[in-house]
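Novice: sequence isn't available, so here's the structure alone:
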């Protein structure tokens, strides 16, 4: 029960950070904020998938393997690395 609450709080924190970073991007047009907000979106999806898999809330018969759960986080971090490396000025 506590673990599921932690996963949900992590997802809420990730989406809150992502939204604030995106609003900062819209205001200043600093592209690093865009890449960071997309990274947090991937981390939020990862936490939601972890909650759904551990709690068996929606997917009772489907096992979301660790590889499948980690793909959104990997994609988010890859976007952040792309922004850090190739979009640096």
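Specialist: Now that the structure is in, tell me what you want to look at. Treat the numbers as computed from the prediction; the structure is a model and nothing was measured.
Novice: so which helix or strand takes in the residue nearest to the spatial centre of the chain?
Specialist: For the chain, the residue sitting closest to the mean C-alpha position, by CA atoms, centre = their mean, is residue 43 at 1.8 Å. Counting by DSSP states H and E, the secondary-structure element that holds residue 43 is helix 31-55.
Novice: what residues of the helix or strand following that helix count as buried?
Specialist: On the C-terminal side of helix 31-55, the nearest following helix or strand under DSSP H and E is helix 66-85. The neighbour-count check on helix 66-85 (16 or more other CB atoms under 10 Å) flags 69, 72-73, 75-76, 79-80, 83 as buried. C-beta here means a position set from N, CA and C on the backbone, and glycine is covered the same way.
Novice: helices and strands around helix 66-85, which ones?
Specialist: Where contact means 3 or more CB pairs under 8 Å, 6 or more residues apart in numbering; DSSP states H and E, helix 66-85 is packed against helix 31-55.
Novice: for the helix it packs on, list every residue counted as buried.
Specialist: Using 16+ other CB under 10 Å as the test for burial, helix 31-55 gives 32-53.
Novice: ok, stretch 5-18 next?
Specialist: Judged by neighbour count using 16+ other CB under 10 Å, the buried positions of stretch 5-18 are 7, 10-11, 14-15, 17-18.
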